[in-house]
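Trainee: I would like to see how this sequence folds:
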Amino acid sequence: MDEVQKLTSAEMEAAAGSGAGGSMDGLQTASPELHIDPILEKRVVRKIDIRLIPLVMSLYLVAFLDRSNIGNAQVAGMGKDLGLSDDQYQWLLTIFYIPYIVFEWAALMWKVVPPHRWAFACVFVWGTASTLQATAYNWSGLLASRFFLATAEAAFAPGIPYLLSFFYKRNELGLRCGLFVSAAPLATTFAGALAYGITSGHPAIANWRLLFIVEGIPSVLLAFVALKYMPDSADTAPFLDEEEKRVAKTRALQQTGSEGTARIGHVDVKESLRALKNFKTWIPPLMYFSCNVSYSSLPVFLPIILQSMGFTAINAQGLSAPPYLAAFIVCVTTTWIADRTQQRGAMLIGLSLVGGVGYVLLATCKGVGVRYFAVFLAAAGVFSCIANILPWTINNQGSDAKRGAGIALLNIIGQAGPLLGTRVFPEREKPYFVKGMSICAAFMFFNALLALTLRVYLAWENRKFERRDAASRENGSALAKPSSEYFEDEGYGFRNVL
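Mentor: Numbering: from 1, shown residues only. Down below sits the predicted model:
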C-alpha cells in the first residue's frame with residue numbers, strides 16, 4: 001500500500017466533521033494530498049521509539065545521577081572530610097540552579113545546531129565536570145565543578161521535550177516525555193542502590209570520591225554514543241528507509257508545514273514573541289516552579305531525611321530506592337493515560353493532590369512507617385507532575401518557534417523553584433523538617449489550582465476554535481477542510497489538549 005494516499009470527497013467531509021469536535025491527530029490530519037498509511041506510520045514511529053527514546057533516557061539518567069549524587073556523597077562523609085558547614089552544603093545545591101536559570105535560552109540551540117553535535121558537547125562537559133568533583137579538596141573546588149556541571153545540563157535536559165516534538169505528533173508526545181522524565185526517578189533508584197554498594201565497602205580512597213568517579217565516567221562515554229547515534233531529524237534518520245523517510249516528511253508537514261530538515265538551523269523570533277502574548281504560555285512555568293521546589297530538594301535530601309528517621313547512613317541509601325521505583329512506574333503510566341484520554345490537566349490536578357498529601361503527612365506525622373509511606377506519595381506526585389507539565393506545554397503550542405519559546409520560559413521561571421527548594425531543609429530542623437515539608441505541600445496544592453485554572457482557560461479557547469471552524473464551514477472557506485499542512489499550528493480542527 002502506498003504511504004501517501006488520496007481521499008474521496010466523502011472521506012474528506014467525514015474527516016472534517018470529526019475534526020470540528022475532537023483533538024486526535026488521526027481524525028484531523030487527512031487531506032487529498034497528504035494522508036499517511038497508518039500501518040506504515042506506526043512502523044516509522046516504532047523505529048524512532050527504538051532508536052531515540054532509549055538514548056535520551058540513558059543520557060538523562062546519567063545527568064540526574066550526576067546532579068543528585070551530592071546528597072549521597074554528603075551522607076558518605078564528604079562534608080566531614082572537607083569540613084563543610086551546613087550553609088556551605090546548601091550553597092553546593094543552590095549553585096546548580098543559577099546556571100540553569102541563566103542558560104535556559106540554550107534549549108533553543110537544539111533547533112540551531114545539529115542535535116547530535118549539541119548533545120555530544122553538553123554530555124561531554126557535564127560528564128567531565130561531574131568526575132572532577134572527586135578531585136576537590138575544598139568547598140571552592142566543588143562549587144566550581146557544580147557550576148560547570150549545571151551549565152552543561154541546562155543546555156541539554158530542558159530542551160529534550162522540544163527535540164522530541166520534532167519527531168512526534170501532539171497525541172504521541174506525552175508518553176515519550178514521560179519516558180524521558182521517568183529516567184529521573186529511575187536514576188535516583190539506581191543512585192541509592194549504587195551508593196549503598198559503594199559506601200558499604202572500604203576502598204583506598206574516600207567513599208564519596210569513588211562515588212563521583214563511578215557515576216561520572218559513564219556520562220563521558222555516553223557523549224560519544226550520542227555523537228554517533230543521535231538523529232538530527234526523522235526524515236534524515238539513517239535507520240529509516242526511503243519510503244519511511246517520505247512518511248516522516250509528511251508527518252513534519254502535518255505539524256508545521258515544513259519538512260524535518262527545514263526545521264533545523266534557524267529560529268523564528270517573531271513567532272516566538274507571539275507565543276509570549278498568550279496566557280496559556282505563562283501558567284505552565286508557574287506550575288513548573290511550584291513542582292521544582294519539591295523536585296529539586298527530594299533527591300538530595302531524602303537520604304538525610306531517612307537517616308533522621310533512625311536508619312543508619314548505609315540503610316538510608318538503600319531505602320531511598322523503592323519510592324523512586326514507584327515514581328518511575330507512575331510517571332510512565334500517567335503520561336500514557338493522559339495521551340490516550342487527552343486529559344492532562346485532570347491528571348495533573350490529581351497528582352498534585354497526591355504529592356501534597358504526602359508532604360502533609362511528612363510534616364505532621366512522627367511514626368516511621370507513616371512517614372516512609374508518605375515519601376512514596378510525595379515522590380510519585382512530584383515526579384509525575386513534572387512528566388505531565390512538559391508535554392502539556394508543548395501540546396498546546398503550534399509552531400516550533402512557539403514550542404521553543406514555551407519551553408524556554410518554562411525553564412527560566414520554573415528553574416527558580418530549586419533556589420527555594422534547596423534552602424528549606426536546614427540541618428538544624430532535623431528530624432522532621434516541618435517547615436520544608438509544609439512549604440513543599442503548599443506548592444503542590446498551589447500547582448493543583450494552577451492546573452485547574454489552565455484547564456478552564458484551554459476549554460474556553462477550544463470553544464473559540466469551534467466557532468471559528470463553524471464559521472469557516474458556513475462561509476464555504478477553503479480553510480474549512482482537514483488540511484494536512486499546519487494542522488498542529490492551530491489550523492482547522494485544532495484543539496488544545498485539556
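
Trainee: switch to C-alpha atoms for all contacts and neighbour counts from now on
Mentor: Will do.

Trainee: could you pull up the mean pLDDT of the helix or strand harbouring residue 372?
Mentor: Assigned by DSSP states H and E, residue 372 belongs to helix 368-395. Taken as a whole, helix 368-395 has a mean pLDDT of 89.

Trainee: doesn't residue 82 make contact with residue 138?
Mentor: Yes. Using Cα atoms under 8 Å, residue 138 is in contact with residue 82, at 5.8 Å.

Trainee: anything in contact with each of the two?
Mentor: Residues within reach of residue 138 and of residue 82 at once, by Cα atoms under 8 Å, 6 or more residues apart in numbering: there are none.

Trainee: so which elements touch the helix or strand hosting residue 56?
Mentor: Counting by DSSP H and E, the element that carries residue 56 is helix 38-75. On a contact count with 3 or more Cα pairs under 8 Å, 6 or more residues apart in numbering; DSSP states H and E, helix 38-75 meets helix 115-132, helix 139-156, helix 170-199, helix 207-229, helix 242-256, helix 283-308.

Trainee: tell me the mean pLDDT for it?
Mentor: Computed over helix 38-75, the average pLDDT equals 88.

Trainee: could you give the angle of that helix to helix 139-156?
Mentor: On the basis of axes from the mean of the first three to the mean of the last three Cα atoms, to 10 degrees, helix 38-75 is oriented at 170 degrees to helix 139-156.

Trainee: return the set of buried residues in helix 38-75.
Mentor: Residues of helix 38-75 classed as buried: 40-41, 44-45, 47-48, 52-53, 55-75 (neighbour count, 16 or more other Cα atoms under 10 Å).

Trainee: columns mean pLDDT, mean neighbour count and distance to residue 276 on top of the helices and strands packed on helix 38-75, output as TSV?
Mentor: Rendered in TSV, the data for these read as follows (pLDDT from 0 to 100; neighbours: other Cα atoms under 10 Å; distance: least, Cα to Cα, whole Å):
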stretch	mean pLDDT	mean neighbour count	distance to residue 276
helix 115-132	94	23	25
helix 139-156	91	22	21
helix 170-199	80	24	20
helix 207-229	91	20	32
helix 242-256	76	23	19
helix 283-308	82	25	11
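
Trainee: can you redo these as a markdown table with distance to residue 347?
Mentor: Shown next, in a markdown table, are these (distance: least, Cα to Cα, whole Å):
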| stretch | distance to residue 347 |
| --- | --- |
| helix 115-132 | 31 |
| helix 139-156 | 27 |
| helix 170-199 | 12 |
| helix 207-229 | 33 |
| helix 242-256 | 25 |
| helix 283-308 | 14 |
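
Trainee: can you check which of these gets nearest to residue 108?
Mentor: Proximity to residue 108, assessed across these by Cα to Cα, is greatest for helix 139-156 (8.8 Å).

Trainee: by how many degrees do that closest one and helix 115-132 diverge?
Mentor: 160 degrees.

Trainee: tell me what the next helix or strand after helix 139-156 is packed against?
Mentor: Sequence order places helix 160-164 as the next helix or strand after helix 139-156, per DSSP H and E. Contacting helix 160-164 under the criterion 3+ Cα pairs under 8 Å, 6+ apart are the following elements: helix 109-112, helix 170-199, helix 368-395, helix 400-414.

Trainee: and the average pLDDT for the last one is what?
Mentor: Mean per-residue pLDDT for helix 400-414: 82.

Trainee: helices or strands next to that helix in the packing?
Mentor: Checked by 3+ Cα pairs under 8 Å, 6+ apart, helix 400-414 has helix 97-102, helix 160-164, helix 269-275, helix 283-308, helix 368-395 packed alongside it.

Trainee: name the residues of the helix holding residue 372 that are buried.
Mentor: 371-372, 374-395.

Trainee: tilt between that helix and helix 400-414?
Mentor: 150 degrees.

Trainee: I'd like the distance between residue 180 and residue 459.
Mentor: Distance of residue 180 to residue 459, given as Cα to Cα, to the nearest Å: 28 Å.

Trainee: oops, could you answer that again for residue 348 instead?
Mentor: From residue 348 to residue 459 the distance is 16 Å (Cα to Cα).

Trainee: higher neighbour count, the two?
Mentor: residue 348 (30 against 15; other Cα atoms under 10 Å).

Trainee: quick check, the more buried one in contact with residue 451.
Mentor: Yes. Between residue 348 and residue 451 there is a contact under Cα under 8 Å: 6.5 Å.

Trainee: orientation of the longest helix along the chain relative to helix 283-308 in degrees?
Mentor: Under DSSP state H, the helix in the chain containing the largest number of residues is helix 434-474. Interaxial angle, helix 434-474 versus helix 283-308 (the same axes, to 10 degrees): 150 degrees.

Trainee: tell me which other helices or strands helix 434-474 touches.
Mentor: Using 3+ Cα pairs under 8 Å, 6+ apart: helix 434-474 touches helix 283-308, helix 344-364.

Trainee: how much space is there between residue 294 and residue 50?
Mentor: 32 Å.

Trainee: and if you look at residue 307?
Mentor: 40 Å.

Trainee: same deal with residue 249?
Mentor: Relative to residue 50, and taking Cα to Cα, residue 249 is found at 19 Å.

Trainee: so for this structure, the centremost residue is which one?
Mentor: residue 181 (4.6 Å; Cα atoms, centre = their mean).

Trainee: what's the closest non-adjacent residue to it?
Mentor: residue 387 (5.5 Å; Cα to Cα, 6 or more residues apart in numbering).

Trainee: quick one: residues contacting the one you found.
Mentor: Residue 387 neighbours (Cα under 8 Å, 6+ apart): 177-178, 181-182, 331, 335.

Trainee: what do you get if the cut-off is 10 Å, keeping everything else the same?
Mentor: Shown in contact with residue 387 (Cα atoms under 10 Å, 6 or more residues apart in numbering): 161, 174-182, 184, 330-332, 334-335, 348.

Trainee: on that earlier part again, save the helices and strands packed on helix 160-164 as a markdown table, and put in distance to residue 287 too.
Mentor: Shown next, in a markdown table, are the helices and strands packed on helix 160-164 (distance: least, Cα to Cα, whole Å):
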| stretch | distance to residue 287 |
| --- | --- |
| helix 109-112 | 24 |
| helix 170-199 | 16 |
| helix 368-395 | 8 |
| helix 400-414 | 7 |
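
Trainee: so which of these comes closest to residue 236?
Mentor: Of all the helices and strands packed on helix 160-164, helix 109-112 comes closest under Cα to Cα, at 14.9 Å.

Trainee: and the closest one, what does it pack onto?
Mentor: Applying 3 or more Cα pairs under 10 Å, 6 or more residues apart in numbering; DSSP states H and E, one finds that helix 109-112 contacts helix 115-132, helix 139-156, helix 160-164, helix 400-414.

Trainee: right, so of those, which gets closest to residue 445?
Mentor: helix 400-414 (16.2 Å).

Trainee: and the angle from that closest one to helix 242-256?
Mentor: Put simply, helix 400-414 runs at 70 degrees to helix 242-256, going by the same axes, to 10 degrees.

Trainee: I'd like the next helix or strand past helix 400-414.
Mentor: Immediately after helix 400-414, counting by DSSP H and E, sits helix 417-421.

Trainee: and that next one, what's its mean pLDDT?
Mentor: So the average pLDDT for helix 417-421 ends up being 84.
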